[in-house]
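In: sequence first, then the predicted structure, then my questions.
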Amino acid sequence: MSKLTVPQGTALSAGAVLGTGVISMPALAADVAGPASLLAWVALILLSAPLAWTFAALGARHPDGGGVSTYVRLAFGPRASAAVGWIFYFAVPLGAPAAAAFAGGYVADVIGGGRTTVLGTFFLMMAVVFVMNWFGLRVSGRAQLILAGVLAILLVITVATALPHATLANLRPFAPHGWAGVGAAAAVLIWGFAGWEAVSSLSADYRNPRRDVPRATMIAVAVVGLLYLAIAVTSVLVLGPALGSSSAPLADLLAIGVGGPVRALTAVVAVLLTIGAINAYMAGASRLGVALARDRALPAPLTGTVRRSLAVVMLGGCVSVFLPFPLHTMMLLVTGCFTLVYVLGTAAAVKLLPRGWSRVVAGFAFVAVLGLLWLNGLPALLSLVIAAAAILYQGMRSRSVASQRIRSRSVASQRIRSRSVAAKTSSPSSISAGSIAPNPNTKPAIGVAE
């Protein structure tokens, strides 16, 4: 079976994180914090390094399709593992429509159609991702490598052409909504940085996990950090106050830098970026579902194979696109789930990683993601609901298994008693005329009962 290479793994990692963040987050963060949103960008980029390294170190030492779920099981037991697995597994289909909405907005900006165009774009992207993953990581990884390379070039062109139009005057006022706005911007930006845990589920698919997972992850951290910061700084300096109200900031940058009919190009960029993000998440989630079924945390008939698991996640995404929630609420619900996964995953890393600087890095990441969970607010409660459902399922399954074992033991005991009674009944009486000496080669009655 083909295995992931470092370039393919880097592309999957970068695609999982980069995705829709680069086409939407600069505007959303600037809307709540103004130019001070750049501080939130820097903070999240700096956090990415220890967080990504923590999951890379876990993936290198414990390569398994369960990803974070496996690490939590090793550290805290099966019930905590099932909770984490459920949170991530069911957050992916909930997040897919929100991710696709940004790209759909770019497409609608070009061809019109509003909500209908957004829905059509979503189903088209889901179909492409489904086909890519149906034929395995060999196809999915190569496609992701091509997408990541093309998109990196386009983003560099965007920054290079728009940055000459920057003006420092757009940094004033620096914090129009106060310093609390930086925290609000960080809560929004969690969406753009979620993804480092997604590719941990792919660690077992690398040729040499212990060597290749850290390499691919840290290269992806550097690429994502540079591209995010470049786009964020350029957006603030070039678009200024108009950035916060922009529905297509990347298109606005290209229009200023290149000129001409660039909105169609940015719509293509948005779609490709989103396909890359959804592809990475679906690849990781489909394998997580198999691992959860293996560990009896999900029904094997539903998620026992990669293709079955993929179908479940895809179907969930197609259903959740019709949920009556605003986009902002959907984002916070999903980021709350991912942040709780980060909290439990980094806590597991503190316990599992060897003493030394790796554990120190994991401890720092744990404290940092606790702060992010607090910034997420009430929507993070959804993750607790999913966790409770997972624990309830585990409890019901455990009782069912225990009940089956009791019934099996009862049937076995009845058989033993029946055999014992039959043996006693069939044995001749020692005082009867027809009694005979026992055969020394025959096992005693208690041996039959055994």
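Out: Nice, I can see it. Bear in mind that the values here come from a model prediction, so they are computed numbers and not experimental data.

In: isn't R207 up against Q8?
Out: No - R207 is beyond contact range of Q8, at 10.0 Å (criterion: CB atoms under 8 Å). Backbone N, C-alpha and C define where each C-beta goes, glycine included.

In: neighbour count: the two, which is higher?
Out: Counted by other CB atoms under 10 Å, R207 and Q8 do not tie: Q8 has more neighbours, with 26 against 13.

In: for the more buried one, grab phi and psi.
Out: Dihedral pair for Q8: phi -70, psi -40, per degrees, to the nearest 10.

In: now it: how far from I146?
Out: From Q8 across to I146, the span is 10 Å (CB to CB, to the nearest Å).

In: now do R73
Out: Computed as CB to CB, the R73 to I146 distance reads 35 Å.

In: of the two, give the one with the bigger neighbour count.
Out: R73 (23 against 12).

In: wait, that one touches G67, no?
Out: No - the criterion here is CB under 8 Å, and R73 misses it with G67 at 10.7 Å.

In: could you find the closest non-adjacent residue to V369?
Out: Counting by CB to CB, 6 or more residues apart in numbering, Y342 is the residue found nearest to V369 once chain neighbours are left out, at 4.1 Å.

In: what packs against the helix or strand the one you found falls within?
Out: Secondary structure assignment for Y342, by DSSP states H and E: helix 327-352. When contacts are defined as 3 or more CB pairs under 8 Å, 6 or more residues apart in numbering; DSSP states H and E, helix 327-352 packs onto helix 37-61, helix 68-76, helix 78-111, helix 180-193, helix 357-376, helix 381-426.

In: pull out the buried residues from that helix.
Out: Residues of helix 327-352 classed as buried under the neighbour-count rule (16 or more other CB atoms under 10 Å) are 330-350, 352.

In: same question, stretch 160-171
Out: 161-162, 166, 170.

In: with adjacent residues omitted, what lies nearest to A216?
Out: Nearest one to A216, counting by CB to CB, 6+ apart, is G9 at 3.4 Å.

In: try A362
Out: Among residues not flanking A362 along the chain, A349 sits closest, at 3.8 Å (CB to CB, 6+ apart).

In: how about the one you found, what does it touch?
Out: Applying CB atoms under 8 Å, 6 or more residues apart in numbering to A349 gives the contacts 54-55, 57-58, 71, 359, 362, 365-366.

In: how much space is there between it and G225?
Out: Distance of A349 to G225, given as CB to CB: 21 Å.

In: which stretches of the stretch 251-400 of the chain have low pLDDT?
Out: Within the stretch 251-400 of the chain, the segments meeting pLDDT under 70 span 400.

In: tell me the SS of D64?
Out: Here D64 is recorded as coil under DSSP: H, G, I helix; E, B strand; the rest coil.

In: likewise for V290?
Out: V290 is classified as helix under three-state DSSP.

In: count of residues packed around it?
Out: Neighbour count for V290, taken as other CB under 10 Å: 22.

In: wait, it sits on G304?
Out: Yes - if you go by CB under 8 Å, V290 and G304 touch, sitting 6.7 Å apart.

In: could you list the low-pLDDT ranges of the stretch 1-150 of the chain?
Out: Scanning the stretch 1-150 of the chain with the threshold set as pLDDT under 70 gives 1-2, 16, 19, 136-145, 148.

In: chain neighbours aside, what residue packs nearest to W41?
Out: Leaving aside its sequence neighbours, W41 sits nearest to A232 (CB to CB, 6+ apart; 4.5 Å).

In: tell me the first helix or strand C-terminal of the helix or strand harbouring that neighbour.
Out: If you go by DSSP H and E, A232 is part of helix 209-239. Using DSSP H and E, the next helix or strand after helix 209-239 towards the C-terminus is helix 249-257.

In: and that next one with helix 209-239, angle?
Out: 60 degrees (axes from the mean of the first three to the mean of the last three CA atoms, to 10 degrees).

In: what packs against helix 249-257?
Out: With contacts defined as 3+ CB pairs under 8 Å, 6+ apart, the packing partners of helix 249-257 are helix 21-33, helix 78-111, helix 137-162, helix 209-239, helix 263-294.

In: run through who's touching that helix.
Out: 22-24, 26-27, 106, 109, 158-165, 231, 234-235, 238-239, 242-243, 246, 262-263, 265-267, 269-270.

In: filter the residues you listed down to the buried ones, ChimeraX style.
Out: Listed next is the ChimeraX selection for buried residues among the contacts of helix 249-257, using 16+ other CB under 10 Å:
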select :22,23,24,26,27,106,109,158,159,161,162,231,234,235,238,239,243,246,262,263,265,266,267,269,270
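
In: hang on, the earlier thing: identify the contacts common to R207 and Q8.
Out: Between them, R207 and Q8 share no contacting residue, judged by CB under 8 Å, 6+ apart.

In: so A347 makes contact with F366?
Out: Yes - judged on CB under 8 Å, A347 makes contact with F366 at a distance of 5.7 Å.

In: how many other residues sit next to the residue nearest to T121 when sequence neighbours are not counted?
Out: Distances taken as CB to CB, 6+ apart place G104 nearest to T121, at 4.0 Å, with adjacent residues excluded. The number of residues packed near G104 is 27, by other CB under 10 Å.

In: how close does G104 sit to I278?
Out: Look at G104 and I278: by CB to CB, they are 12 Å apart.

In: cool, S69 as well?
Out: Distance from S69 to I278, counting by CB to CB: 20 Å.

In: so for these two, which sits in the more crowded spot?
Out: S69 (34 against 31).

In: from memory the more buried one sits against V290, does it?
Out: No - contact criterion CB under 8 Å: S69 and V290 do not qualify, at 11.1 Å.

In: residues contacting P50?
Out: Counted by CB under 8 Å, 6+ apart, P50 has contacts 361-362, 364-365, 368.

In: what is the helix holding A232 packed up against?
Out: Looks like helix 209-239 contacts helix 6-18, helix 21-33, helix 37-61, helix 137-162, helix 249-257 (3+ CB pairs under 8 Å, 6+ apart).
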